Structure formats: C-alpha cells, structure tokens
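> can't give you the sequence, but here's the structure:
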C-alpha cells in the first residue's frame, strides 16, 4: 500500500519509508532514518537521524525518537538507535541513540513504552518489555525480555534487569535485579519471585515452586552467596530458570539487590 504523509509533515529526502507507513500532521523525520512497513507516526512526533524502526510500530504524538544522548562525552559521533517490530512508543517518550562511534541503543519487539518514559544512550531492551509512565533508564541499562518497570521508577546506569522481573512504582534501582524477581522501594529491595507475572505467563507450579525455594536459599538462608549459588545449582539443576538466576548473579558487575528480610516472601 502507498505511504500516507500529511501535507504539514517535514520528511527529509534521505529518509526511507516502507509500505503502508502513515505520517501524521507536523511530524519531523530526519535524513538517514528508516521506517519499516505498516508503522504509524502520530502528530508532532520527531524521528531523528540514524534511527531505524522495524515494521508495525506506533509512535504516538510528541514522542522524540533517536535524539542525541544526554552524555557529556558525546562528540557528534555517528551512533544509532535500532528498534524492532510491533512496539508502542507513547506520548512524550524520549529514546536516545548511543554514545561514541558506532554506539547503539537497541529495543526489541512488542515493547510498550508508556507516556514520558526515557530510554537513555546505549540501553538494550529485549522483547515484550513494559515501561510504565515516567519510568527512566540511565545509560547502558539492560532490560531483558518480559520485564516490567513500574511508573516513576529510575534505573541506575549499567544496571541489568532480568527476564520476567517486575519493578514496582516509584522505585530506585541501583543494582541488578535477577530474573523472575520482584523489586520495590525508594531504594529497592527484593521481595521474592514475581508470582503474578509468572502465573500470567504460564509458568508451571513446579517451576514457580523451584524459583521460590531457590530465592529463599540464595537470599534468605544466611549462607555466603558463593556457597548458596553452588547449592542452588546442584539442587535445582533440572530447572533452567533457576540456573538462569545463578548465572545472572555470578555474572553481575554492579552486584544484585538484597532481599527485604522484614517481610514474608509469599
């Protein structure tokens, strides 16, 4: 199908638009932008240079996608923002390209980035990630598949958020959140596995039980972390989800969040 461009939109001659792309009123699209088939860009949104969007994305009004990073080291290098397919980028969200020559910010498929979200330079988001309103990622943050970041939360640079993790609203994240876990608090603590999210995603009761037991062993048993991880790897070797947690913690460079010992893990 033909591309639809509103007469008031400013689309640079060097932009590449796929089939059935819809460009709304007063949209600005720079040179060296690629927009995949079936993507819609609503009124007043801005797509900046060196940005590539895949198919069937929806960029809502006033979003700014691919702006230069808020990084004092940035020196106008040819860095990029790469976005997959089927993402919703809501009103006033800001997504910045990488820092340094060939620096890249990457977003996977099927993500929902709600109004006023910020994804800073060199972040890597997996697929099916949800960022609620005004959630903010600093530079070089990694958010793995199916993770959720609650509204008004802030994530420190170089932090990792594991698969299926859930961050509550108004939470400050300064260290890594292991896969499948729930974190909350002004200065975040762990509160056990993300039980609601895991059940919604169809995880079996047996797997959820193993995750809960491994959580208690690693974070609540009082064993030294290295010893607890070795024991978890031995006792739950049949559960790849637990092994994923063990590997994630062992690979952490910033360290992982501590558990809140003042509440029962349910």
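Arrived safely, thanks for sending. In this text, all values refer to a predicted model and were calculated from it rather than measured experimentally. Numbering: from 1, shown residues only.
> alpha carbons only for contacts and neighbour counts from here, please
OK.
> quick one: residue 215 is in a helix?
Yes: the assignment for residue 215 by DSSP: H, G, I helix; E, B strand; the rest coil puts it in a helix.
> which residues of the chain fall in helices?
Secondary structure of the chain, counting by DSSP state H: helices at 195-200, 205-215, 225-235, 240-251.
> not counting its neighbours along the chain, what's nearest residue 244?
residue 179 (7.3 Å; Cα to Cα, 6 or more residues apart in numbering).
> correct me, but that neighbour touches residue 165?
Yes: assessed by Cα atoms under 8 Å, residue 179 is found in contact with residue 165 at 5.3 Å.
> report pLDDT for the residue nearest to residue 244.
pLDDT, residue 179: 98.
> distance of it from residue 211?
10 Å (Cα to Cα, to the nearest Å).
> want to throw the helices of the chain into CSV with mean pLDDT, distance to residue 144 and mean neighbour count?
Output for these, formatted as CSV (pLDDT from 0 to 100; distance: least, Cα to Cα, whole Å; neighbours: other Cα atoms under 10 Å):
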stretch, mean pLDDT, distance to residue 144, mean neighbour count
helix 195-200, 97, 14, 15
helix 205-215, 98, 18, 19
helix 225-235, 98, 21, 16
helix 240-251, 98, 11, 18
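> right, and those - which one's nearest residue 47?
helix 195-200 (33.0 Å; Cα to Cα).
> contacts for the closest one?
164, 166, 180, 208 (Cα atoms under 8 Å, 6 or more residues apart in numbering).
> what is the burial count for the third one?
Read it as residue 180. 27 (other Cα atoms under 10 Å).
> my guess is it contacts residue 161. True?
No: between residue 180 and residue 161 there is no contact under Cα under 8 Å: 9.5 Å.
> quick one: stretch 252-259 to chain centroid distance?
18 Å (Cα atoms, centre = their mean, to the nearest Å).
> ok, and what's touching that stretch?
Contacts for stretch 252-259 (Cα under 8 Å, 6+ apart): 158-159, 174-178, 188-192, 219-220, 249.
> closest one to residue 9 out of those, please.
residue 158 (36.9 Å).
> for the closest one, report the pLDDT, please.
The model's pLDDT for residue 158 equals 98.
> that one: what's it in contact with?
138-142, 254.
> for it, give its distance to residue 122.
9 Å.
> likewise residue 214?
From residue 214 across to residue 122, the span is 32 Å (Cα to Cα).
> now do residue 195
Separation of residue 195 from residue 122 (Cα to Cα) stands at 30 Å.
> what does residue 39 give?
23 Å.
> quick one on the thing from earlier: distance to residue 231 added to the contacts of helix 195-200, as a markdown table?
Shown next, in a markdown table, are those (distance: Cα to Cα, whole Å):
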| residue | distance to residue 231 |
| --- | --- |
| 164 | 23 |
| 166 | 25 |
| 180 | 19 |
| 208 | 18 |
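> in strands only, show me the residues you listed.
Among the contacts of helix 195-200, the members found in strands (DSSP state E) are residue 166.
> now, the most widely separated pair of the contacts of helix 195-200?
For these, and using Cα to Cα, no pair is farther apart than 166 and 208, which are 15.0 Å apart.
> hang on, residue 194 packs against residue 168?
No: assessed by Cα under 8 Å, residue 194 is found out of contact with residue 168, at 10.6 Å.
> those two: who's more crowded?
More crowded of residue 194 and residue 168, by other Cα under 10 Å: residue 194, with 22 against 19.
> okay, the more buried one: pLDDT?
With respect to pLDDT, residue 194 has a value of 97.
> quick one: residues contacting it.
164-166, 180-182.
> return the backbone torsion pair for residue 126.
Here is the backbone geometry of residue 126 (degrees, to the nearest 10): phi -80, psi -150.
> contacts only, for it.
107-109, 143-146.
> can you rerun that using 7 Å?
107-108, 143-145 (Cα atoms under 7 Å, 6 or more residues apart in numbering).
> any stretches of this protein with poor pLDDT?
263-266 (pLDDT under 70).
> between the helices of the chain, which gets nearest to residue 71?
Of all these, it is helix 240-251 that lies closest to residue 71, at 26.4 Å by Cα to Cα.
> the closest one - contacts with which helices or strands?
Here helix 240-251 touches helix 225-235, going by 3 or more Cα pairs under 7 Å, 6 or more residues apart in numbering; DSSP states H and E.
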